[in-house]
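Peer 1: how would this look folded up:
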Amino acid sequence: MRDRLGAIGMFVALLVSVSLVSAALFCAFPWAVTAGAGSSSPDSIDVRKQVDEGNATFVKAWQTGDAALFASCFAEDGATLHPGGHQVLGKEEILNHMTNVFSKVRMTEGTITTVDLFVLGDIAYETGKWKFAIGAVGQAAEPDSGYYVEVWKRVGKGQWKMWRDIGVPGN
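Peer 2: Numbering: from 1, shown residues only. Okay, here's the model as predicted:
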């Protein structure tokens, strides 16, 4: 239990740190765009659209158990960061990890709600809330919720992919 609380504390500290850095960058660079800004540039509108599509793909992959679809959300050097300091680094490792995960569990319901999106050049910082129901394949799913920080990066010609995915458990 102490290890779990320590891991949760570490992720909350990370979430606060990333939020503070993002806020500081936003203040330092007034051209950064947030999701709720009244006048968004065409580029920021496209970034938001791709982030929303990426999040929808993320949920669909969980619901269908499609590890390749899940991995397609990430940049080649992307990573998922998990409680306890565990990370899965690289698109190929994400595919392998999620193939194993999806053989055991599946999401029956899921929503991702973006709260803020800051775009700074080729990097976008997203914070938000997630609500999922995940359970063993063929069994009832347990609802869970929490917060997240995702760092997106521009790859190729204007395409945005997840670079870092950090989920923070609820409660």
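Peer 1: which SSE is residue 114 in?
Peer 2: Under the assignment given by DSSP states H and E, the secondary-structure element containing residue 114 is strand 105-120.
Peer 1: list the buried residues for that strand?
Peer 2: Residues of strand 105-120 classed as buried by neighbour count (16 or more other C-beta atoms under 10 Å): 106-107, 110, 112, 114, 116-119. Glycine gets a C-beta too; all of them are placed from N, C-alpha and C.
Peer 1: among the residues you listed, which one sits closest to residue 59?
Peer 2: Of all the buried residues of strand 105-120, residue 110 has the smallest distance to residue 59: 4.2 Å, by C-beta to C-beta.
Peer 1: surely the closest one is in contact with residue 57?
Peer 2: No - distance between residue 110 and residue 57: 11.6 Å, which falls outside the contact criterion (C-beta atoms under 8 Å).
Peer 1: residue 163 falls within a strand, correct?
Peer 2: Yes - counting by DSSP: H, G, I helix; E, B strand; the rest coil, one finds residue 163 located in a strand.
Peer 1: please name the nearest non-neighbouring residue to it.
Peer 2: If you skip the residues right next to it in sequence, residue 163 has residue 153 as its closest partner in space, 4.3 Å away by C-beta to C-beta, 6 or more residues apart in numbering.
Peer 1: for that neighbour, name its beta-bridge partners.
Peer 2: For residue 153, the beta-bridge partners under DSSP bridges are residue 123, residue 161.
Peer 1: measure stretch 98-112 end to end?
Peer 2: With C-alpha to C-alpha, to the nearest Å as the measure, stretch 98-112 spans 19 Å from end to end.
Peer 1: list of residues touching that stretch?
Peer 2: Counting contacts by C-beta atoms under 8 Å, 6 or more residues apart in numbering, the residues outside stretch 98-112 that touch it are 55-56, 58-59, 61-63, 65-67, 70-71, 128-137, 141, 143, 148.
Peer 1: and stretch 148-157, by the same measure?
Peer 2: Contacts with stretch 148-157, where a contact means C-beta under 8 Å, 6+ apart, come from 14-15, 18-19, 47, 50-51, 54, 75-76, 112, 122-130, 160-168.
Peer 1: can you say which of those are buried?
Peer 2: For those, a burial check counting by 16+ other C-beta under 10 Å picks out 15, 18-19, 47, 50-51, 54, 75, 112, 124-128, 130, 160-168.
Peer 1: can you pull out the strands in the protein?
Peer 2: With DSSP state E, the ranges of strands along the chain come out as 74-81, 87-89, 105-120, 123-136, 142-155, 159-169.
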